[in-house]
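Trainee: return atomic coordinates for the entry below.
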Amino acid sequence: MEKIFAYILTSIYAVFFLLTLVVFHPIQWFCFNVLGRKAHKISVDWLQFFIMRCTNILGTRYTFTNNHDIPKDQPIIIVANHQSMYDISPIMWHLREINPKFISKKELGRGIPSVSYNLRHGGSVLIDRKNPRQALPALMKFGEYIEETKGTAVIFPEGTRSKNGHPKPFQTKGLEILLKKIPSAVIVPITINNSWKLLKYGKFPMGIGNHVKLTVHNPIKLATFENKTKLIEQIESTIASAIEL
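Mentor: Coordinates of the predicted model:
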């Protein structure tokens with residue numbers, strides 16, 4: 001019975017989701033090319049809000065818990081586990097004041113209304129995971145940009161999404177590059193729970209009635225750690241400790 005409802009609700013969700021992407025694409029273009037980057041950022045923030053509202057059709061609820069002050073005058077590295085594409089919008093919306101920018105695979109930079117446009121023009125970095133000669137310099141340049149602008153980088157060190165909620169070991173190379181290139185960073189670990197359940201059946205139908213939870217952990221000043229290996233181990237342990245299985 002649940003799966004029958006899932007087919008019905010997913011069909012409705014798909015219409016509103018695609019409509020949201022199509023409507024916001026020209027809005028983004030206009031904001032970026034006519035009104036400027038600040039207006040473009042606002043349009044992207046509201047895109048994330050409406051994407052989350054679309055998932056409410058599936059009975060999805062969101063809880064974002066942050067009991068910490070995240071500085072706005074220092075570079076930030078957000079490190080999180082990765083469960084699905086639906087990890088992105090709640091981070092972008094709830095932390096919109098620090099304007100998170102993502103490390104994404106290059107394939108997402110083309111063909112997806114609104115999403116691809118923002119990845120190309122919003123300050124995120126697109127990398128070819130199969131080509132280290134392109135990916136590593138791109139990550140280095142991205143890190144230098146975040147350090148210079150006191151921006152916010154988001155990285156999912158697991159590399160690929162967990163399909164059952166169980167955390168995967170960190171692939172540390174990308175995070176190591178960011179730590180090196182953003183020496184004044186404050187690191188903000190985030191644990192994501194239950195977003196994988198939206199795709200537990202696959203893309204159609206989607207999972208229904210899920211409670212997606214994001215928990216922000218205590219920020220860490222990079223400068224207080226000399227041993228970066230131990231720092232990464234601590235971050236990974238902190239994130240994993242709050243995963244619900």
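Trainee: I'd like the next helix or strand past the strand ranked longest in the chain.
Mentor: Here the longest strand in the chain is taken by residue count, with DSSP state E as the criterion, and it is strand 186-193. Elements were assigned by DSSP states H and E; along the chain past strand 186-193, the next helix or strand is strand 211-216.
Trainee: which residues in the chain form strands?
Mentor: 61-65, 76-80, 100-105, 125-127, 152-155, 186-193, 211-216, 220-221.
Trainee: can you put the ones you listed in a markdown table and add mean pLDDT?
Mentor: Written out in a markdown table, the entries for those read as follows (pLDDT from 0 to 100):
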| stretch | mean pLDDT |
| --- | --- |
| strand 61-65 | 97 |
| strand 76-80 | 97 |
| strand 100-105 | 91 |
| strand 125-127 | 89 |
| strand 152-155 | 96 |
| strand 186-193 | 98 |
| strand 211-216 | 98 |
| strand 220-221 | 95 |
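Trainee: looking at those, which is nearest to residue 92?
Mentor: Ranking those by their distance to residue 92 (criterion: C-beta to C-beta) puts strand 100-105 first, at 5.6 Å. For the C-beta atoms, the positions are set from N, CA and C on the backbone; glycine is no exception.
Trainee: tell me the strands beside the closest one, with direction?
Mentor: If you go by DSSP bridges, strand 100-105 pairs up with strand 125-127 (parallel), strand 152-155 (parallel).
Trainee: got the strands of the chain as JSON lines, with mean neighbour count and distance to residue 30 columns?
Mentor: Formatted as JSON lines, the entries for these read as follows, by neighbours: other C-beta atoms under 10 Å; distance: least, C-beta to C-beta, whole Å:
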{"stretch": "strand 61-65", "mean neighbour count": "14", "distance to residue 30": "29"}
{"stretch": "strand 76-80", "mean neighbour count": "24", "distance to residue 30": "29"}
{"stretch": "strand 100-105", "mean neighbour count": "20", "distance to residue 30": "21"}
{"stretch": "strand 125-127", "mean neighbour count": "20", "distance to residue 30": "23"}
{"stretch": "strand 152-155", "mean neighbour count": "24", "distance to residue 30": "25"}
{"stretch": "strand 186-193", "mean neighbour count": "23", "distance to residue 30": "32"}
{"stretch": "strand 211-216", "mean neighbour count": "20", "distance to residue 30": "31"}
{"stretch": "strand 220-221", "mean neighbour count": "16", "distance to residue 30": "39"}
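Trainee: in this protein, which helix or strand is least confident?
Mentor: Ranking every helix and strand in the chain by mean pLDDT, DSSP states H and E puts strand 125-127 at the bottom, with a mean of 89.
Trainee: residues making contact with that strand?
Mentor: Residues external to strand 125-127 that are found in contact with it (C-beta atoms under 8 Å, 6 or more residues apart in numbering): 101-106, 108-109, 119-120, 134-135, 138-139, 141-142.
Trainee: which of those residues sits closest to residue 13?
Mentor: Nearest to residue 13 out of the contacts of strand 125-127 is residue 108 (C-beta to C-beta; 20.1 Å).
Trainee: got the contact list for the residue nearest to that closest one when sequence neighbours are not counted?
Mentor: Nearest residue to residue 108 in three dimensions, chain neighbours excluded: residue 119, at 5.8 Å (C-beta to C-beta, 6 or more residues apart in numbering). By C-beta under 8 Å, 6+ apart, the contact set of residue 119 is 102, 104, 108, 109, 126.
Trainee: with residue 101 instead?
Mentor: Taking C-beta under 8 Å, 6+ apart, one finds 122, 123, 124, 125, 142, 146, 151, 152, 153, 154 in contact with residue 101.
Trainee: which one of those residues is nearest to residue 15?
Mentor: Among the contacts of residue 101, residue 122 lies closest to residue 15 (C-beta to C-beta), at 25.7 Å.
Trainee: how many neighbours does the closest one have?
Mentor: Taking other C-beta atoms under 10 Å as the criterion, the count of residues near residue 122 is 19.
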